[in-house]
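**Student:** here is a sequence with its predicted model. Questions after.
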Amino acid sequence: GLLHCVKEIISNSIDEYLNGAGDIIKISILTSPENGIIIEDNGRGIPHGKHSSGCSILQACYGIANTGGKFDNATGTSGYNTSGGEHGTGGKAVNALSKKMIVKTRREGIEEIVEFSRGKFISYNENKIDKSITGTYVEFYPDEEVLEETRFNEKAIKDMVREFSFLCKGLTFYVNNEKFYSKNGLSDYMEYLNPKKDFVAPPIYFEQAEGKFQLEVAIGYNNSYSSTVKLYTNNIPQEKGTHLTGFKTAWTAGLNSFAKDNKLLKDKDENLTGADYEEGMILILNFKMIDPVFKGQNKEELSSSEGRTYVQKLTAQALKDIFLYQKKDIKPIIDKAINARKAREAARKARENARNKTEKKDKPLKFDTKLADASEKKRRDLCELYVTEGDSASGNLKDARDNRYQAVMPIRGKMLNCQDTSPDKILKNAEISTIMDALFGASGWWTDGKKIDYDITKIRYGKVIIMSDAKQYWLCNTLQIGYLGNSLLNC
(Lines give C-alpha, C1' and ligand atoms only; values in the text may rest on other atoms or scores of the structure.)
Protein backbone atom coordinates (compact mmCIF):
# COMPACT_ATOMS: atom_id res chain seq x y z
CA GLY A 1 0.00 0.00 0.00
CA LEU A 2 2.78 2.44 0.86
CA LEU A 3 4.54 1.88 -2.46
CA HIS A 4 1.26 2.44 -4.26
CA CYS A 5 0.91 5.80 -2.51
CA VAL A 6 4.29 6.82 -3.92
CA LYS A 7 3.28 5.60 -7.38
CA GLU A 8 0.09 7.67 -7.35
CA ILE A 9 2.00 10.91 -6.74
CA ILE A 10 4.79 10.10 -9.20
CA SER A 11 2.18 9.27 -11.85
CA ASN A 12 0.79 12.80 -11.61
CA SER A 13 4.25 14.21 -12.33
CA ILE A 14 4.71 11.80 -15.24
CA ASP A 15 1.41 13.01 -16.72
CA GLU A 16 2.91 16.50 -16.83
CA TYR A 17 5.92 15.22 -18.78
CA LEU A 18 3.75 13.31 -21.22
CA ASN A 19 1.85 16.52 -21.88
CA GLY A 20 5.03 18.38 -22.74
CA ALA A 21 5.79 20.05 -19.42
CA GLY A 22 8.85 19.33 -17.27
CA ASP A 23 11.68 16.88 -17.64
CA ILE A 24 12.83 16.16 -14.07
CA ILE A 25 11.18 14.33 -11.17
CA LYS A 26 12.97 14.23 -7.81
CA ILE A 27 12.13 11.77 -5.03
CA SER A 28 13.68 12.27 -1.59
CA ILE A 29 13.12 9.65 1.11
CA LEU A 30 13.12 11.14 4.62
CA THR A 31 14.03 9.12 7.71
CA SER A 32 14.58 11.76 10.36
CA PRO A 33 12.85 12.89 12.46
CA GLU A 34 9.96 10.96 10.82
CA ASN A 35 9.45 8.64 7.88
CA GLY A 36 8.32 10.74 4.97
CA ILE A 37 8.89 11.36 1.28
CA ILE A 38 9.09 14.37 -1.06
CA ILE A 39 8.15 14.13 -4.74
CA GLU A 40 8.59 17.23 -6.89
CA ASP A 41 8.69 18.03 -10.60
CA ASN A 42 9.40 21.03 -12.81
CA GLY A 43 6.13 20.83 -14.73
CA ARG A 44 3.51 23.54 -15.02
CA GLY A 45 2.19 23.30 -11.49
CA ILE A 46 -1.48 23.29 -10.46
CA PRO A 47 -3.35 26.42 -11.61
CA HIS A 48 -3.99 29.19 -9.13
CA GLY A 49 -7.48 30.42 -8.39
CA LYS A 50 -10.62 29.64 -6.44
CA HIS A 51 -12.66 26.46 -6.58
CA SER A 52 -16.46 26.64 -6.68
CA SER A 53 -16.49 25.60 -3.01
CA GLY A 54 -14.60 28.77 -2.06
CA CYS A 55 -11.21 27.16 -1.30
CA SER A 56 -8.15 27.29 -3.52
CA ILE A 57 -7.91 25.00 -6.54
CA LEU A 58 -4.79 23.47 -4.96
CA GLN A 59 -6.72 22.54 -1.81
CA ALA A 60 -9.60 21.17 -3.86
CA CYS A 61 -7.34 18.97 -6.01
CA TYR A 62 -6.08 17.12 -2.95
CA GLY A 63 -9.03 17.47 -0.60
CA ILE A 64 -12.36 17.43 -2.49
CA ALA A 65 -13.66 14.38 -4.33
CA ASN A 66 -14.05 14.46 -8.13
CA THR A 67 -11.83 17.50 -8.44
CA GLY A 68 -8.88 17.49 -10.82
CA GLY A 69 -7.52 19.03 -13.99
CA LYS A 70 -7.96 15.73 -15.86
CA PHE A 71 -11.70 15.45 -15.26
CA ASP A 72 -12.56 15.92 -18.95
CA ASN A 73 -10.08 13.29 -20.01
CA ALA A 74 -12.83 11.05 -21.45
CA THR A 75 -13.41 13.56 -24.26
CA GLY A 76 -9.72 14.02 -24.94
CA THR A 77 -10.05 17.80 -24.53
CA SER A 78 -8.21 18.30 -21.23
CA GLY A 79 -4.77 17.71 -22.71
CA TYR A 80 -4.23 14.67 -20.50
CA ASN A 81 -5.24 12.20 -23.21
CA THR A 82 -3.03 9.41 -21.87
CA SER A 83 -3.46 9.98 -18.17
CA GLY A 84 -4.08 6.95 -15.99
CA GLY A 85 -6.69 8.80 -13.91
CA GLU A 86 -9.18 11.59 -14.14
CA HIS A 87 -10.53 12.71 -10.79
CA GLY A 88 -7.33 12.89 -8.71
CA THR A 89 -8.61 10.10 -6.48
CA GLY A 90 -5.08 8.77 -5.95
CA GLY A 91 -3.75 12.03 -4.53
CA LYS A 92 -6.74 12.40 -2.23
CA ALA A 93 -6.35 8.79 -1.03
CA VAL A 94 -2.70 9.44 -0.19
CA ASN A 95 -3.78 12.55 1.71
CA ALA A 96 -6.27 10.50 3.75
CA LEU A 97 -3.55 7.95 4.61
CA SER A 98 -1.05 10.59 5.73
CA LYS A 99 -0.80 12.07 9.18
CA LYS A 100 0.74 15.09 7.49
CA MET A 101 0.76 16.21 3.87
CA ILE A 102 2.17 19.41 2.37
CA VAL A 103 1.45 20.33 -1.26
CA LYS A 104 2.98 23.24 -3.17
CA THR A 105 2.26 24.61 -6.63
CA ARG A 106 4.69 27.01 -8.29
CA ARG A 107 3.77 29.01 -11.36
CA GLU A 108 3.38 32.56 -12.61
CA GLY A 109 5.66 33.90 -9.85
CA ILE A 110 3.44 32.58 -7.04
CA GLU A 111 3.94 29.60 -4.71
CA GLU A 112 0.83 28.31 -2.94
CA ILE A 113 1.26 25.98 0.05
CA VAL A 114 -1.49 23.84 1.56
CA GLU A 115 -1.11 21.54 4.56
CA PHE A 116 -3.39 18.64 5.50
CA SER A 117 -3.56 16.11 8.31
CA ARG A 118 -5.30 12.77 7.73
CA GLY A 119 -7.22 14.34 4.84
CA LYS A 120 -8.35 17.43 6.74
CA PHE A 121 -7.32 20.95 5.72
CA ILE A 122 -4.91 22.62 8.17
CA SER A 123 -3.48 25.76 6.59
CA TYR A 124 -2.89 27.79 3.44
CA ASN A 125 0.01 30.11 2.60
CA GLU A 126 1.13 32.04 -0.44
CA ASN A 127 4.57 33.38 -1.40
CA LYS A 128 6.05 35.32 -4.30
CA ILE A 129 8.81 33.50 -6.19
CA ASP A 130 10.86 33.83 -9.37
CA LYS A 131 8.60 33.43 -12.40
CA SER A 132 11.00 30.91 -13.95
CA ILE A 133 10.29 28.42 -11.15
CA THR A 134 7.40 26.06 -11.92
CA GLY A 135 6.20 22.65 -10.79
CA THR A 136 4.42 20.68 -8.09
CA TYR A 137 5.80 19.60 -4.71
CA VAL A 138 4.21 16.88 -2.55
CA GLU A 139 5.51 15.89 0.87
CA PHE A 140 3.70 13.30 2.97
CA TYR A 141 4.18 11.21 6.10
CA PRO A 142 2.27 7.91 6.26
CA ASP A 143 -0.15 7.43 9.14
CA GLU A 144 0.95 4.55 11.37
CA GLU A 145 -2.59 4.34 12.79
CA VAL A 146 -3.84 3.17 9.37
CA LEU A 147 -0.87 1.62 7.59
CA GLU A 148 0.97 -1.37 9.01
CA GLU A 149 4.19 -0.38 7.25
CA THR A 150 5.31 3.25 7.32
CA ARG A 151 8.97 2.87 6.31
CA PHE A 152 9.62 3.47 2.66
CA ASN A 153 11.41 0.66 0.83
CA GLU A 154 14.13 2.47 -1.10
CA LYS A 155 14.94 -0.51 -3.32
CA ALA A 156 11.30 -1.02 -4.29
CA ILE A 157 10.96 2.68 -5.11
CA LYS A 158 14.11 2.60 -7.24
CA ASP A 159 12.91 -0.49 -9.10
CA MET A 160 9.60 1.23 -9.83
CA VAL A 161 11.30 4.45 -10.95
CA ARG A 162 13.65 2.47 -13.20
CA GLU A 163 10.61 1.05 -15.01
CA PHE A 164 9.13 4.52 -15.35
CA SER A 165 12.39 5.79 -16.87
CA PHE A 166 12.22 3.11 -19.58
CA LEU A 167 8.60 3.98 -20.34
CA CYS A 168 9.27 7.72 -20.43
CA LYS A 169 12.45 8.05 -22.46
CA GLY A 170 14.02 11.45 -21.99
CA LEU A 171 12.53 12.00 -18.52
CA THR A 172 15.11 12.19 -15.74
CA PHE A 173 14.39 10.78 -12.28
CA TYR A 174 16.37 11.17 -9.10
CA VAL A 175 15.87 8.98 -6.04
CA ASN A 176 17.99 10.33 -3.18
CA ASN A 177 20.30 11.83 -5.82
CA GLU A 178 20.67 8.56 -7.77
CA LYS A 179 19.85 9.24 -11.41
CA PHE A 180 17.55 7.14 -13.58
CA TYR A 181 17.39 8.03 -17.26
CA SER A 182 16.74 6.15 -20.49
CA LYS A 183 17.55 7.51 -23.90
CA ASN A 184 16.18 4.59 -25.92
CA GLY A 185 13.12 3.62 -23.88
CA LEU A 186 11.86 0.10 -24.47
CA SER A 187 15.08 -0.84 -26.25
CA ASP A 188 16.99 -0.17 -23.01
CA TYR A 189 14.25 -1.97 -21.06
CA MET A 190 14.66 -5.07 -23.21
CA GLU A 191 18.42 -5.14 -22.58
CA TYR A 192 17.78 -4.71 -18.85
CA LEU A 193 15.35 -7.64 -18.75
CA ASN A 194 17.76 -9.90 -20.65
CA PRO A 195 21.24 -9.05 -19.33
CA LYS A 196 22.77 -12.22 -20.83
CA LYS A 197 21.74 -10.94 -24.27
CA ASP A 198 21.14 -14.52 -25.42
CA PHE A 199 18.50 -13.55 -27.95
CA VAL A 200 17.69 -16.12 -30.63
CA ALA A 201 17.10 -13.17 -32.99
CA PRO A 202 17.32 -9.38 -32.71
CA PRO A 203 14.41 -7.99 -30.64
CA ILE A 204 11.52 -6.41 -32.53
CA TYR A 205 10.26 -2.89 -31.76
CA PHE A 206 7.32 -1.05 -33.20
CA GLU A 207 5.04 1.91 -32.55
CA GLN A 208 1.59 2.29 -34.09
CA ALA A 209 -1.14 4.85 -33.58
CA GLU A 210 -4.70 5.48 -34.69
CA GLY A 211 -6.60 8.49 -33.48
CA LYS A 212 -5.98 8.85 -29.75
CA PHE A 213 -4.85 5.23 -29.39
CA GLN A 214 -1.10 4.54 -29.32
CA LEU A 215 0.79 1.27 -29.02
CA GLU A 216 4.47 0.74 -28.29
CA VAL A 217 5.86 -2.80 -28.20
CA ALA A 218 9.22 -4.49 -27.73
CA ILE A 219 9.39 -8.26 -28.05
CA GLY A 220 12.37 -10.59 -28.01
CA TYR A 221 13.12 -14.27 -27.51
CA ASN A 222 15.96 -15.83 -25.55
CA ASN A 223 17.07 -19.39 -24.95
CA SER A 224 15.04 -19.90 -21.76
CA TYR A 225 11.78 -21.81 -21.40
CA SER A 226 9.92 -19.19 -19.37
CA SER A 227 8.33 -15.92 -20.45
CA THR A 228 8.50 -12.37 -19.11
CA VAL A 229 5.58 -10.02 -19.78
CA LYS A 230 5.50 -6.34 -18.81
CA LEU A 231 2.13 -4.68 -19.48
CA TYR A 232 1.27 -1.01 -19.16
CA THR A 233 -1.63 1.26 -19.93
CA ASN A 234 -0.68 4.92 -19.97
CA ASN A 235 2.54 3.89 -18.16
CA ILE A 236 0.56 2.19 -15.37
CA PRO A 237 1.60 -1.46 -14.87
CA GLN A 238 -0.89 -4.34 -15.13
CA GLU A 239 -0.65 -8.07 -14.64
CA LYS A 240 -3.19 -8.86 -17.36
CA GLY A 241 -5.91 -7.26 -19.45
CA THR A 242 -7.62 -6.86 -22.78
CA HIS A 243 -4.50 -5.31 -24.34
CA LEU A 244 -2.56 -8.54 -23.74
CA THR A 245 -5.38 -10.60 -25.23
CA GLY A 246 -5.42 -8.41 -28.34
CA PHE A 247 -1.67 -8.63 -28.82
CA LYS A 248 -1.50 -12.42 -28.40
CA THR A 249 -4.33 -12.90 -30.87
CA ALA A 250 -2.64 -10.81 -33.58
CA TRP A 251 0.86 -12.11 -32.84
CA THR A 252 -0.13 -15.79 -32.94
CA ALA A 253 -2.27 -15.45 -36.06
CA GLY A 254 0.34 -13.35 -37.86
CA LEU A 255 3.25 -15.69 -37.13
CA ASN A 256 1.22 -18.75 -38.11
CA SER A 257 0.37 -17.15 -41.46
CA PHE A 258 4.03 -16.26 -41.97
CA ALA A 259 5.07 -19.83 -41.13
CA LYS A 260 2.64 -21.32 -43.65
CA ASP A 261 3.48 -18.80 -46.37
CA ASN A 262 7.21 -19.46 -45.97
CA LYS A 263 6.87 -23.26 -45.68
CA LEU A 264 8.11 -23.31 -42.09
CA LEU A 265 4.88 -25.18 -41.37
CA LYS A 266 3.33 -27.56 -43.83
CA ASP A 267 -0.24 -26.96 -44.94
CA LYS A 268 -1.32 -30.15 -43.18
CA ASP A 269 0.38 -29.12 -39.91
CA GLU A 270 -1.70 -27.73 -37.08
CA ASN A 271 -1.15 -24.07 -36.26
CA LEU A 272 1.15 -23.26 -33.38
CA THR A 273 -0.64 -22.08 -30.24
CA GLY A 274 -0.17 -18.95 -28.21
CA ALA A 275 1.51 -21.06 -25.52
CA ASP A 276 4.08 -22.29 -28.07
CA TYR A 277 5.04 -18.69 -28.85
CA GLU A 278 5.41 -17.81 -25.15
CA GLU A 279 8.48 -19.98 -24.50
CA GLY A 280 11.49 -17.70 -24.06
CA MET A 281 9.43 -14.60 -24.85
CA ILE A 282 10.16 -11.17 -23.37
CA LEU A 283 7.26 -8.83 -24.09
CA ILE A 284 6.99 -5.15 -23.15
CA LEU A 285 3.71 -3.53 -24.17
CA ASN A 286 2.62 0.03 -23.41
CA PHE A 287 -0.85 0.98 -24.64
CA LYS A 288 -2.08 4.56 -24.45
CA MET A 289 -5.72 5.51 -24.64
CA ILE A 290 -8.20 8.02 -23.28
CA ASP A 291 -10.47 7.09 -20.38
CA PRO A 292 -9.07 3.59 -19.61
CA VAL A 293 -11.21 1.34 -17.43
CA PHE A 294 -9.43 -0.79 -14.85
CA LYS A 295 -10.50 -3.35 -12.31
CA GLY A 296 -9.86 -1.79 -8.90
CA GLN A 297 -8.00 1.34 -7.82
CA ASN A 298 -4.69 -0.55 -8.08
CA LYS A 299 -5.38 -0.79 -11.84
CA GLU A 300 -3.80 -4.24 -12.13
CA GLU A 301 -6.06 -5.31 -15.00
CA LEU A 302 -7.26 -3.35 -18.03
CA SER A 303 -10.88 -4.16 -18.82
CA SER A 304 -11.57 -1.60 -21.59
CA SER A 305 -12.85 -3.41 -24.69
CA GLU A 306 -10.83 -0.98 -26.84
CA GLY A 307 -7.71 -2.59 -25.39
CA ARG A 308 -8.29 -5.78 -27.33
CA THR A 309 -9.75 -4.14 -30.44
CA TYR A 310 -7.04 -1.55 -31.04
CA VAL A 311 -4.02 -3.50 -29.82
CA GLN A 312 -4.99 -6.40 -32.09
CA LYS A 313 -5.54 -4.05 -35.02
CA LEU A 314 -2.36 -2.01 -34.50
CA THR A 315 -0.23 -5.13 -33.98
CA ALA A 316 -1.55 -6.72 -37.18
CA GLN A 317 -0.70 -3.54 -39.08
CA ALA A 318 2.83 -3.46 -37.67
CA LEU A 319 3.45 -7.11 -38.54
CA LYS A 320 3.03 -6.38 -42.25
CA ASP A 321 6.17 -4.23 -42.26
CA ILE A 322 8.01 -6.55 -39.87
CA PHE A 323 7.40 -9.57 -42.11
CA LEU A 324 8.57 -7.55 -45.10
CA TYR A 325 11.74 -5.98 -43.69
CA GLN A 326 12.70 -8.33 -40.81
CA LYS A 327 11.93 -11.67 -42.42
CA LYS A 328 15.18 -13.32 -41.29
CA ASP A 329 14.45 -12.32 -37.67
CA ILE A 330 11.09 -14.12 -37.65
CA LYS A 331 12.29 -17.60 -38.65
CA PRO A 332 14.23 -18.29 -35.39
CA ILE A 333 11.14 -17.32 -33.40
CA ILE A 334 8.97 -19.80 -35.30
CA ASP A 335 11.66 -22.49 -35.04
CA LYS A 336 11.70 -22.03 -31.27
CA ALA A 337 7.89 -22.27 -31.15
CA ILE A 338 7.98 -25.48 -33.21
CA ASN A 339 10.46 -26.96 -30.74
CA ALA A 340 8.21 -25.85 -27.89
CA ARG A 341 5.31 -27.71 -29.49
CA LYS A 342 7.43 -30.84 -29.82
CA ALA A 343 8.33 -30.62 -26.14
CA ARG A 344 4.68 -30.04 -25.24
CA GLU A 345 3.62 -33.11 -27.19
CA ALA A 346 6.42 -35.14 -25.61
CA ALA A 347 5.32 -33.96 -22.17
CA ARG A 348 1.72 -34.94 -22.90
CA LYS A 349 2.77 -38.42 -23.96
CA ALA A 350 5.03 -38.70 -20.93
CA ARG A 351 2.20 -37.66 -18.59
CA GLU A 352 -0.04 -40.29 -20.10
CA ASN A 353 2.73 -42.82 -19.64
CA ALA A 354 3.23 -41.72 -16.03
CA ARG A 355 -0.52 -41.95 -15.34
CA ASN A 356 -0.59 -45.46 -16.72
CA LYS A 357 2.30 -46.38 -14.48
CA THR A 358 0.62 -44.80 -11.46
CA GLU A 359 -2.44 -46.95 -12.02
CA LYS A 360 -0.27 -50.01 -11.44
CA LYS A 361 0.11 -48.93 -7.78
CA ASP A 362 3.33 -50.85 -7.28
CA LYS A 363 2.02 -54.24 -8.19
CA PRO A 364 4.69 -56.96 -8.25
CA LEU A 365 7.17 -56.04 -10.96
CA LYS A 366 7.05 -58.04 -14.17
CA PHE A 367 10.07 -57.53 -16.41
CA ASP A 368 10.59 -58.70 -19.94
CA THR A 369 14.26 -59.01 -19.03
CA LYS A 370 15.59 -61.71 -16.73
CA LEU A 371 15.77 -59.70 -13.50
CA ALA A 372 16.87 -61.76 -10.56
CA ASP A 373 15.55 -59.68 -7.67
CA ALA A 374 16.78 -59.63 -4.08
CA SER A 375 14.55 -61.12 -1.42
CA GLU A 376 15.32 -58.65 1.37
CA LYS A 377 12.39 -56.26 1.99
CA LYS A 378 14.60 -53.35 3.08
CA ARG A 379 16.21 -53.09 -0.32
CA ARG A 380 17.05 -49.39 -0.15
CA ASP A 381 19.21 -49.79 2.93
CA LEU A 382 20.66 -53.23 2.39
CA CYS A 383 20.54 -54.27 -1.26
CA GLU A 384 22.44 -53.57 -4.46
CA LEU A 385 21.56 -53.97 -8.13
CA TYR A 386 24.05 -55.34 -10.69
CA VAL A 387 23.33 -54.13 -14.25
CA THR A 388 25.07 -56.40 -16.73
CA GLU A 389 25.35 -56.87 -20.48
CA GLY A 390 23.25 -59.79 -21.61
CA ASP A 391 23.04 -63.33 -20.33
CA SER A 392 26.72 -64.06 -20.87
CA ALA A 393 27.79 -61.53 -18.28
CA SER A 394 25.01 -62.30 -15.81
CA GLY A 395 24.93 -66.10 -15.86
CA ASN A 396 27.74 -66.82 -13.42
CA LEU A 397 26.91 -63.73 -11.35
CA LYS A 398 23.37 -64.98 -10.70
CA ASP A 399 24.77 -68.27 -9.42
CA ALA A 400 27.43 -66.64 -7.25
CA ARG A 401 25.38 -63.81 -5.73
CA ASP A 402 23.79 -63.58 -2.30
CA ASN A 403 20.10 -63.85 -3.22
CA ARG A 404 18.98 -61.92 -0.18
CA TYR A 405 20.99 -58.76 -0.81
CA GLN A 406 22.06 -58.79 -4.45
CA ALA A 407 19.87 -58.38 -7.56
CA VAL A 408 21.04 -58.93 -11.12
CA MET A 409 19.49 -57.42 -14.22
CA PRO A 410 20.89 -58.13 -17.70
CA ILE A 411 20.18 -55.65 -20.52
CA ARG A 412 20.10 -56.42 -24.20
CA GLY A 413 22.54 -54.82 -26.64
CA LYS A 414 24.10 -51.36 -26.56
CA MET A 415 22.47 -48.68 -24.34
CA LEU A 416 20.87 -45.58 -25.87
CA ASN A 417 23.02 -42.43 -25.70
CA CYS A 418 20.87 -40.29 -23.37
CA GLN A 419 23.13 -37.27 -23.37
CA ASP A 420 21.52 -35.63 -26.41
CA THR A 421 18.22 -37.51 -26.61
CA SER A 422 14.78 -36.13 -25.74
CA PRO A 423 12.88 -37.74 -22.82
CA ASP A 424 10.13 -39.16 -25.03
CA LYS A 425 12.72 -41.06 -27.11
CA ILE A 426 14.49 -42.20 -23.96
CA LEU A 427 11.26 -43.66 -22.62
CA LYS A 428 10.65 -45.56 -25.86
CA ASN A 429 13.82 -47.52 -25.14
CA ALA A 430 12.71 -50.71 -23.41
CA GLU A 431 15.96 -51.17 -21.52
CA ILE A 432 15.82 -47.71 -19.92
CA SER A 433 12.18 -48.05 -18.87
CA THR A 434 13.07 -51.40 -17.37
CA ILE A 435 15.96 -49.89 -15.38
CA MET A 436 13.64 -47.17 -14.03
CA ASP A 437 10.99 -49.71 -13.06
CA ALA A 438 13.62 -51.83 -11.34
CA LEU A 439 15.01 -48.86 -9.41
CA PHE A 440 11.81 -47.04 -8.42
CA GLY A 441 8.83 -49.25 -9.13
CA ALA A 442 6.07 -48.44 -11.58
CA SER A 443 4.80 -45.31 -9.79
CA GLY A 444 8.07 -44.00 -8.40
CA TRP A 445 9.23 -42.12 -11.49
CA TRP A 446 7.79 -39.86 -14.20
CA THR A 447 8.69 -37.20 -16.75
CA ASP A 448 7.40 -33.80 -17.86
CA GLY A 449 8.79 -34.19 -21.35
CA LYS A 450 11.97 -32.23 -20.58
CA LYS A 451 13.58 -34.35 -17.89
CA ILE A 452 13.01 -37.58 -16.02
CA ASP A 453 12.15 -37.18 -12.34
CA TYR A 454 11.58 -39.60 -9.50
CA ASP A 455 10.55 -40.02 -5.86
CA ILE A 456 13.77 -40.82 -4.05
CA THR A 457 11.83 -42.35 -1.15
CA LYS A 458 10.70 -45.15 -3.47
CA ILE A 459 14.14 -46.22 -4.64
CA ARG A 460 14.49 -49.99 -4.32
CA TYR A 461 18.27 -50.30 -4.13
CA GLY A 462 20.87 -48.27 -2.27
CA LYS A 463 23.65 -49.12 -4.70
CA VAL A 464 23.85 -49.68 -8.47
CA ILE A 465 26.86 -51.53 -9.90
CA ILE A 466 27.52 -51.58 -13.67
CA MET A 467 29.31 -54.67 -15.00
CA SER A 468 30.37 -55.57 -18.54
CA ASP A 469 32.83 -57.67 -20.47
CA ALA A 470 36.26 -56.23 -21.19
CA LYS A 471 37.75 -54.71 -24.36
CA GLN A 472 35.33 -52.98 -26.74
CA TYR A 473 32.48 -52.99 -24.23
CA TRP A 474 33.81 -49.94 -22.48
CA LEU A 475 31.32 -48.01 -24.68
CA CYS A 476 28.38 -49.75 -23.04
CA ASN A 477 29.72 -48.81 -19.63
CA THR A 478 30.05 -45.19 -20.75
CA LEU A 479 26.48 -45.06 -22.06
CA GLN A 480 25.09 -46.64 -18.90
CA ILE A 481 26.94 -44.22 -16.66
CA GLY A 482 25.84 -41.32 -18.89
CA TYR A 483 22.22 -42.34 -18.49
CA LEU A 484 22.37 -42.84 -14.74
CA GLY A 485 24.36 -39.62 -14.22
CA ASN A 486 22.58 -37.17 -16.52
CA SER A 487 19.06 -38.54 -16.83
CA LEU A 488 18.59 -40.11 -13.42
CA LEU A 489 20.80 -38.26 -10.98
CA ASN A 490 20.60 -34.88 -12.79
CA CYS A 491 24.32 -34.35 -12.37
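**Tutor:** Structure received.

**Student:** so M436, which state does it fall into?
**Tutor:** helix (DSSP: H, G, I helix; E, B strand; the rest coil).

**Student:** is it in contact with I452, as I believe?
**Tutor:** Yes - counting by Cβ atoms under 8 Å, I452 is a contact partner of M436 at 7.4 Å. Every residue, glycine included, has its C-beta placed from N, CA and C.

**Student:** buried stuff in the lengthiest helix in the chain?
**Tutor:** Criterion DSSP state H: the longest helix present in the chain is helix 327-358. Neighbour counts over helix 327-358 (16 or more other Cβ atoms under 10 Å) mark 329-330, 333-334, 336-338, 340-341, 343-344, 346-347, 349-350, 353-354, 357 as buried.

**Student:** now do stretch 240-252
**Tutor:** Of all the residues in stretch 240-252, those buried under the rule 16+ other Cβ under 10 Å are G241, T242, H243, L244, T245, G246, F247, K248, T249, A250, W251, T252.

**Student:** which residues touch the residue nearest the centre of the chain?
**Tutor:** Centroid-nearest residue in the chain: T228, 3.2 Å away (criterion: Cα atoms, centre = their mean). Contacts for T228 (Cβ atoms under 8 Å, 6 or more residues apart in numbering) come out as L193, M281, I282, L283.

**Student:** how many neighbours does I435 have?
**Tutor:** 24 (other Cβ atoms under 10 Å).

**Student:** ok, it touching V387?
**Tutor:** Yes - counting by Cβ under 8 Å, I435 touches V387, with 6.9 Å between them.

**Student:** quick check: neighbours shared by these two?
**Tutor:** Counting by Cβ under 8 Å, 6+ apart, the contacts common to I435 and V387 are M409, I411.

**Student:** secondary structure of K377: a strand, I assume?
**Tutor:** No - applying three-state DSSP, one finds K377 to be coil, outside a strand.

**Student:** count of neighbours near it?
**Tutor:** So K377, with other Cβ under 10 Å, has 9 neighbours.

**Student:** who does the residue nearest to the centre of the chain bridge with?
**Tutor:** I282 (DSSP bridges).

**Student:** just to revisit the earlier point, show me the buried residues of stretch 240-252 that map onto strands.
**Tutor:** Assigned to strands by DSSP state E, the following of these qualify: G241.

**Student:** export the buried residues of stretch 240-252 to CSV and tack on pLDDT and distance to N125?
**Tutor:** What follows is the buried residues of stretch 240-252, written out as CSV (pLDDT from 0 to 100; distance: Cβ to Cβ, whole Å):
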residue, pLDDT, distance to N125
G241, 94, 43
T242, 95, 46
H243, 96, 44
L244, 96, 47
T245, 95, 50
G246, 96, 49
F247, 97, 49
K248, 96, 53
T249, 96, 55
A250, 96, 54
W251, 96, 54
T252, 95, 58
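
**Student:** now the longest helix of the chain, how far from the chain's geometric center?
**Tutor:** Centroid displacement of helix 327-358 relative to its chain, using Cα atoms, centre = their mean, to the nearest Å, is 21 Å.

**Student:** and it, what's its mean pLDDT?
**Tutor:** Across helix 327-358, pLDDT averages out at 82.

**Student:** hang on, E301 packs against F294?
**Tutor:** Yes - using Cβ under 8 Å, E301 is in contact with F294, at 6.5 Å.

**Student:** common neighbours of these two, please.
**Tutor:** Common neighbours of E301 and F294 (Cβ under 8 Å, 6+ apart) are Q238.

**Student:** circling back: farthest pair within the contacts of T228?
**Tutor:** L193 and M281 (11.0 Å; Cβ to Cβ).

**Student:** ok, and the closest non-adjacent residue to A337?
**Tutor:** D276 (4.3 Å; Cβ to Cβ, 6 or more residues apart in numbering).

**Student:** tell me the phi and psi of the one you found?
**Tutor:** Dihedral pair for D276: phi -60, psi -40, per degrees, to the nearest 10.

**Student:** doesn't E345 make contact with it?
**Tutor:** No - the pair D276 / E345 is not scored as a contact, 10.4 Å apart, by Cβ under 8 Å.
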